[in-house]
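1. how would this look folded up:
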Amino acid sequence: MLATEPNLSEPKYEAAFFYGLFLRGYPLQQLRADIDVPPRVLESWQRQATRDPWYEMTMNRMLTYRKQVLAIFDSLVFGEIAAPTRTQ
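-> Purely as a prediction, here's the structure:
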C-alpha cells in the first residue's frame, strides 16, 4: 500500500511543518514556545503522573516527542543560519 500522506506521528514531519511557518515569517521564539511544553503545563503533568503510572508513561512519551520535534526544528533553523552562502 502506497501512503499518500505523511505519518504525522514522526517528529520530523511536525518539525518540518513548524519550519515552514518559520520560513513564512513566524517569529522563531514563538514557534519554539509552541513546540516545547511550557513549565506550568509540565508541572501539572508531573503532579498527575505521581498519582497515575499510566499517565507518567504517557507524559514521558509526550515530552520525548516534543523535545525531538524541537531538536529537529532547531537543526533546520540554525543549520540554515549557519550555512555559508556560495558565490559564483
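2. so who does the most centrally placed residue in the chain touch?
-> Nearest to the geometric centre of the chain sits Val69, at 2.6 Å (C-alpha atoms, centre = their mean). Contacts here follow C-beta atoms under 8 Å, 6 or more residues apart in numbering; on that basis Val69 touches 11, 14-15, 18, 35. All C-beta spots, glycine's among them, are computed from the backbone N, C-alpha and C.
3. and it, how far is that from Met62?
-> According to C-beta to C-beta, to the nearest Å, Val69 and Met62 sit 11 Å apart.
4. Kindly report the same for Glu14.
-> From Glu14 to Met62 the distance is 12 Å (C-beta to C-beta).
5. Mind checking which of the two has more residues around it?
-> Shown here are Glu14 and Met62; by other C-beta atoms under 10 Å, Glu14 has more neighbours (20 against 13).
6. hang on, Ala49 packs against Met59?
-> Yes. Between Ala49 and Met59 there is a contact at 4.9 Å, judged by C-beta atoms under 8 Å.
7. Give the burial count for the nearest residue to Tyr65 once chain neighbours are set aside, as a bare number.
-> Counting by C-beta to C-beta, 6 or more residues apart in numbering, Pro11 is the residue found nearest to Tyr65 once chain neighbours are left out, at 5.9 Å. Here the number of neighbours of Pro11 (other C-beta under 10 Å) works out to 19.
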